[in-house]
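Student: What shape does this take:
(2 chains)
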Amino acid sequence: MADPSELNVNRREVMAGAGACAAVAVAPLSAGAQPTPVETPVLTQVSFNVNGQSHALEVDTRTTLLDALREHLRLTGTKKGCDHGQCGACTVLVDGRRINSCLTLAVMHQGNTVTTIEGIGAPDNLHPMQAAFIKHDGYQCGYCTPGQICSGLAVLDEIKAGIPSHVTADLTGPVQLSEAEIRERMSGNICRCGAYSNIVEAMTEVAERQG
Amino acid sequence: MRSFTYERAKTAIEAAAAVARTPGAKFIAGGTNLLDLMKLQIETPTHLVDVNGLKLDTIEPTPEGGLRIGALVRNTDLAADERVRRDYAVLSRALLAGASGQLRNRATTAGNLLQRTRCPYFYDTAQPCNKRQPGSGCSALDGVSRQLGIVGVSDACIATNPSDMAVAMRALDAVVETVRPDGAGRTISIAEFHRLPGDTPHLETALEPGELITAVTLPPPVGGRQIYRKVRDRASYAFALVSVAAVIHQNGTGRVAVGGVAHKPWRIEAAEADLPRGSKVVTEQLLADAKPTHDNAFKRPLVERTIGAVISQARS
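Tutor: As a prediction, this is how the structure comes out:
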């Protein structure tokens, strides 16, 4: 298969174009229904490290970490699903912990280290979790997958660190890896295609290989 | 989202003073609830004071033998703390029953206490809501009220407090520590911290303008079997229809606080003397003044059965 980057038009550009058209089409309607007050954006500086590279950005204070990653740094691997912290598509690792990048402001991450799906693996150098998702069919449309993989990696770390969950039977004992533990801990990542059981298989394989 | 200015506070007093002197200012910590509401323009702060840099993220023993939980301790870290897991298991269980792993990694102890209701009419800016827009009316009274409150409600509001953590803290007699803009500190018992809606449902806590939560303290461990039972529409990542935080001793006595039924964690200490007699008599007292709607009348038997299940579990 040809490398997508060699093609003149890739799916990402087509989708971005379609989004822009849709925005133009609905703009007059919503503008007529409820005039939006014109506000002066407040700009601010913030710098953080993403996937090993330092970035200094000037952003509107309203910019979420998700929008900073996608719109400013063009790291579009991290997805915007609900934009309200309900679906988990925007999950990234900040200082090693998984969070919803849509529910945090970029300016709140001065000096932090962010890892996105682009920093986890690449098509020619897959992370074992990515390879396991492919092997076990842990996705269908793939939109939730970057969030699932970031969350999946963090979940295995959380279990290793002994952080309990809602289904951990004994709060004072060690935490054992199980299907129930994985399912409970992954409940913040919604998959509209319903690949859940295959995601559990992929994560289980990676966890067992890690030992 | 409305435009706002932003600053990072360096001390708690500085943060409190900044919010007090700036009209429309708010604190931001985890931001998991505030930013959601800002995107919907339900919250429209003109200035945000970021308190994440304050060193309020440790859990320390108190001289009395309890624990002092810093305001910025994340929900994940509080639930995973060895002392909390051993001595205050009901708190650990309540935290783990709430939200998702990603949200618990960001959400803070103080922010959890301050989260707003998930009443669908509070979220729908096209509908009247006395909490969102005082005096506009309550859409929930004649609306879809299955999730909403049954006790301590008013003609102005039947919203519930969505926190799991606060229900456990109510059962544990936690105390909220604050600092005011003039630098003076005070303590507020968890029982007094959240208000009933009355005719001012937009006022949800005892906090004054600019007053900042710095910590929550837990009294020395009370022992007993500590159980948090949450009944919800999904097995994970859903708000409670009814939840019960309980501490039950071997002789059957104990404490019980109920979530999902009121504008605050619901506990009536006088009812607890009847815990050895079973859930029916306790629930009768807890919900004596209940005014459920047609949609949420099921919560009364659900409270009774959930308390019953907790008592059985404690005996097992």
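Student: What is the burial count for A:Gly111?
Tutor: By the other CB atoms under 10 Å in any protein chain shown criterion, the neighbourhood of A:Gly111 contains 9 residues. Yep, even glycine has a C-beta here, placed from its N, CA and C like the rest.
Student: if I pick whichever residue of chain B sits closest to chain A, what's in contact with it?
Tutor: Nearest to chain A, among the residues of chain B, is B:Ser100, at 2.4 Å (CB to the nearest CB). Remark: with contacts taken as CB atoms under 8 Å, 6 or more residues apart in numbering or on different chains, B:Ser100 is in contact with A:88, A:187-189, B:237.
Student: go with 7 Å
Tutor: With CB atoms under 7 Å, 6 or more residues apart in numbering or on different chains as the criterion, the residues that contact B:Ser100 are A:88, A:187-188, B:237.
Student: Correct me if wrong: A:Leu75 contacts A:Leu66.
Tutor: No. Because the distance of 10.0 Å does not satisfy CB atoms under 7 Å, A:Leu75 is recorded as not touching A:Leu66.
Student: Give me the more crowded residue out of these two.
Tutor: Using other CB under 10 Å as the criterion, A:Leu75 and A:Leu66 rank with A:Leu66 on top: 25 against 21.
Student: Can you report phi and psi for that one?
Tutor: The phi/psi pair for A:Leu66 (degrees, to the nearest 10) reads phi -60, psi -50.
Student: Quick check: closest non-adjacent residue to it.
Tutor: Among residues not flanking A:Leu66 along the chain, A:Ser101 sits closest, at 4.0 Å (CB to CB, 6 or more residues apart in numbering or on different chains).
Student: Could you report the neighbour count for the one you found?
Tutor: Here the neighbour count serves as a burial measure; for A:Ser101 (other CB under 10 Å) it reads 30.
Student: From chain B, how far out is A:Met108?
Tutor: According to CB to the nearest CB, to the nearest Å, A:Met108 stands 6 Å off from chain B.
Student: Leaving out the residues flanking it, which one is nearest to that residue?
Tutor: Excluding the flanking residues, the one nearest A:Met108 by CB to CB, 6+ apart is B:Asp50, at 5.9 Å.
Student: which outside residues touch the helix or strand B:Ala168 falls within?
Tutor: Counting by DSSP states H and E, the element that carries B:Ala168 is helix B:165-171. With CB under 7 Å, 6+ apart as the test, helix B:165-171 has contacts from B:75, B:90-91, B:94-95, B:98, B:112-113, B:190-191, B:216, B:228, B:243, B:245-247, B:255-257, B:259, B:265, B:267.
Student: How much space separates the closest residue to chain B within chain A from B:Thr5?
Tutor: Minimum separation of chain A from chain B (CB to the nearest CB) falls at A:Gly188, amounting to 2.4 Å. Counting by CB to CB, to the nearest Å, the gap from A:Gly188 to B:Thr5 is 31 Å.
Student: Between the two, which has more neighbouring residues?
Tutor: A direct count of neighbours by other CB under 10 Å for A:Gly188 and B:Thr5 places A:Gly188 higher, at 24 against 14.
Student: Just say helix, strand or coil for the more buried one.
Tutor: The three-state label given to A:Gly188 by DSSP: H, G, I helix; E, B strand; the rest coil is coil.
Student: for it, what are its contacts?
Tutor: Applying CB under 7 Å, 6+ apart as the definition, the contact partners of A:Gly188 turn out to be A:88, A:151, B:100-103, B:237.
Student: how about 10 Å then?
Tutor: Residues near A:Gly188 by CB atoms under 10 Å, 6 or more residues apart in numbering or on different chains: A:85-88, A:91, A:98, A:100, A:147, A:151, A:155, B:99-105, B:236-237.
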